[in-house]
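*Asks:* what's the 3D shape of this:
(chains A and B)
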Amino acid sequence: AQSVTQPDIHITVSEGASLELRCNYSYGATPYLFWYVQSPGQGLQLLLKYFSGDTLVQGIKGFEAEFKRSQSSFNLRKPSVHWSDAAEYFCAVGASNDYKLSFGAGTTVTVRA
Amino acid sequence: DTEVTQTPKHLVMGMTNKKSLKCEQHMGHRAMYWYKQKAKKPPELMFVYSYEKLSINESVPSRFSPECPNSSLLNLHLHALQPEDSALYLCASSQVLGQGTQYFGPGTRLLVL
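*Replies:* Just a heads-up that it's a prediction; the model follows:
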């Protein structure tokens, strides 16, 4: 069974600074990997996804993520955060022919002025 | 267009009430999902429909009753809920079961008194 670990529960970053959120997964085959963002009281919005191919994936809102098979990681990055990036971020892993999407516990991002 | 809509946005109900949550998508997706999300936690899968048939029930109590009237609509009927059922209820859809990305709606915030 697949599992996802987001080691950082809470990250505080200054506006304009760079952001990196960590995600490690456990899965036997090539996983489908996702990053979702959830603003307070809102649903989950897809930031980006990786199925195959280029291991550096570009997403919406200036986010990117890199799939590293050797490290079982799919870390999310943004070069310069905006106050509107304050939210909860979830990494998720799925698989071909499997209905289940396994979520990490989430990382709360706070942006200070 | 990757929009999933949910109504109502907020719902307050007593433990003896009957209410329904509604979810709609017009992306031609044939798999639809109900999730329950408690504060500061990742979403938990409740039900999965594939081609309008219930495929997965993740051991959800019978006071939650899903229904898929057609390929675009998904309902969740609520009856005799408990205060601990208060949560954000999220609907999602994907092209087919086990393939591709799940797109989430904005959720219904439910409070059971």
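
*Asks:* Mind jotting down where the strands sit in chain A?
*Replies:* Listed in chain order, the strands of chain A (DSSP state E) span A:3-5, A:10-14, A:19-21, A:24-26, A:32-38, A:45-50, A:56-58, A:64-68, A:73-78, A:87-95, A:98-103, A:107-112.

*Asks:* Residue B:74: what's it in contact with?
*Replies:* B:22-24, B:32, B:34, B:49, B:66-68, B:91 (Cβ atoms under 8 Å, 6 or more residues apart in numbering or on different chains). For every residue, glycine as well, the C-beta is placed using N, CA and C.

*Asks:* quick one: which of those residues sit in helices?
*Replies:* Using DSSP state H, no member of those sits in helices.

*Asks:* nearest to chain A, of those residues?
*Replies:* Here the nearest of these to chain A, counting by Cβ to the nearest Cβ, is residue B:91; it sits at 8.5 Å.

*Asks:* Skipping adjacent residues, who's closest to that closest one in space?
*Replies:* If the residues on either side of it in the chain are set aside, residue B:91 comes closest to residue B:23, at 3.4 Å by Cβ to Cβ, 6 or more residues apart in numbering or on different chains.

*Asks:* Repeat that for residue A:75.
*Replies:* The nearest residue in space to residue A:75 (Cβ to Cβ, 6+ apart) is residue A:22, at 5.3 Å.

*Asks:* TSV please, covering the strands of chain A and showing distance to residue B:106.
*Replies:* What follows is these, written out as TSV (distance: least, Cβ to Cβ, whole Å):
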stretch	distance to residue B:106
strand A:3-5	23
strand A:10-14	24
strand A:19-21	23
strand A:24-26	27
strand A:32-38	10
strand A:45-50	9
strand A:56-58	25
strand A:64-68	24
strand A:73-78	22
strand A:87-95	14
strand A:98-103	18
strand A:107-112	19
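
*Asks:* isn't the residue nearest to residue B:91 right next to residue B:105, touching?
*Replies:* Yes: with contact defined as Cβ atoms under 8 Å, residue B:23 reaches residue B:105; the gap is 5.9 Å.

*Asks:* Give the residues shared as contacts by the two.
*Replies:* B:4-6, B:91.

*Asks:* Among those, which one has the most neighbours?
*Replies:* residue B:91 (26 neighbours; other Cβ atoms under 10 Å in any protein chain shown).

*Asks:* gap between that residue and residue A:26?
*Replies:* According to Cβ to Cβ, to the nearest Å, residue B:91 and residue A:26 sit 28 Å apart.

*Asks:* next one: residue B:19
*Replies:* Here residue B:19 is placed at a distance of 39 Å from residue A:26 (Cβ to Cβ).

*Asks:* Look at these two and report which has more neighbours.
*Replies:* Between residue B:19 and residue A:26, residue B:19 has the larger neighbour count (other Cβ under 10 Å), namely 17 against 13.

*Asks:* Tell me who's in contact with the more buried one.
*Replies:* Counted by Cβ under 8 Å, 6+ apart, residue B:19 has contacts B:11, B:13, B:77-78.

*Asks:* Relative to chain A, how far out is it?
*Replies:* Distance, residue B:19 to chain A, by Cβ to the nearest Cβ, to the nearest Å: 19 Å.

*Asks:* Helix, strand, or coil at that residue?
*Replies:* strand (DSSP: H, G, I helix; E, B strand; the rest coil).
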